[in-house]
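1. here's a sequence, model it:
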Amino acid sequence: MFRKTYDWVMGLAGSRHAPASLAAISFAESSFFPIPPDVMLAPMVLARPNRAFLYAGLCTLASVVGGLFGYGIGFFLEPLGVRLLEVFGHPEGKAEFDALFDRFGIAFVLVAGFTPIPFKLITIASGMAQFDIVTFIWAAAASRGARFFAVATVLKYLGPTMLQEFERRLNLYTVILLILAVGGFLVLKVFM
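-> Numbers count the residues shown, from 1 in each chain. Model (predicted):
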């Protein structure tokens, strides 16, 4: 099962539709979609290392534009924003995130944009908290850009070696990644 999914993603990553798919996933992940764009970015860089930084730039731009869409959901459609935060495991959404913005402000956007914390939560909450939009844009661009360019750089220069090892032990690494993802989600749910 993992092999078929992996082969499909790698095939898509090398296709002519890959950049559009990457942009769509990056946009959607920043506002409502649960899967991070790294799942497309990584195989695309591995398939075409000479385009690594172009893909990272596209991913960053689409993520920031998607973040503005998420911001708009929180700002203009607060009831929908509150509901989305509840769906993603934050029933005290508005009050919880307002307190985080009051306490940490820009650091909250910078850290969340670079880490595996679901960015859509931050974009929607930023709009609901009426966080300064100019500050939001540059913080989102800086943190998302740092993340995606770091991924692209590592994979561009170390990717072929990492890819061979990953393909040899695909099932083991997939299980490890799933455990880490579920564990990370549970930790975030407990502490946020």
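2. contact partners for Gly105?
-> Contact criterion CB atoms under 8 Å, 6 or more residues apart in numbering gives Phe131 as the residues in contact with Gly105. Using the backbone N, CA and C atoms, a C-beta is placed for each residue, glycine as well.
3. below-threshold pLDDT in the chain: ranges please.
-> When the per-residue scores of the chain are filtered using pLDDT under 70, the ranges that remain are 1-3, 5-10, 88-93, 162-175, 177-178, 180-192.
4. now do stretch 149-162: distance to the chain's middle.
-> Taking CA atoms, centre = their mean, to the nearest Å, the mean C-alpha location of stretch 149-162 is offset from the chain mean by 18 Å.
5. list the contacts of it.
-> By CB under 8 Å, 6+ apart, the residues outside stretch 149-162 that reach it are 38, 41-42, 45-46, 49, 52-53, 55-57, 60.
6. same question, stretch 123-137
-> Contacts of stretch 123-137 from elsewhere in the structure, counted by CB under 8 Å, 6+ apart, are 30-31, 64, 66-76, 78, 81-82, 84-85, 93-94, 97-98, 100-101, 105-106, 109, 140.
7. and that stretch, what's buried?
-> Of the residues in stretch 123-137, those with enough neighbours to count as buried (16 or more other CB atoms under 10 Å) are 123-129, 131, 136-137.
8. over to stretch 69-89?
-> Of all the residues in stretch 69-89, those buried under the rule 16+ other CB under 10 Å are 69-75, 81-82, 84-85, 88.
9. now those in CSV, with distance to Arg144 and secondary structure?
-> Supplementary listing: the buried residues of stretch 69-89 in CSV, determined by distance: CB to CB, whole Å; DSSP: H, G, I helix; E, B strand; the rest coil:
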residue, distance to Arg144, secondary structure
Phe69, 14, helix
Gly70, 12, helix
Tyr71, 13, helix
Gly72, 17, helix
Ile73, 18, helix
Gly74, 17, helix
Phe75, 19, helix
Gly81, 20, helix
Val82, 24, helix
Leu84, 19, helix
Leu85, 20, helix
Phe88, 18, coil
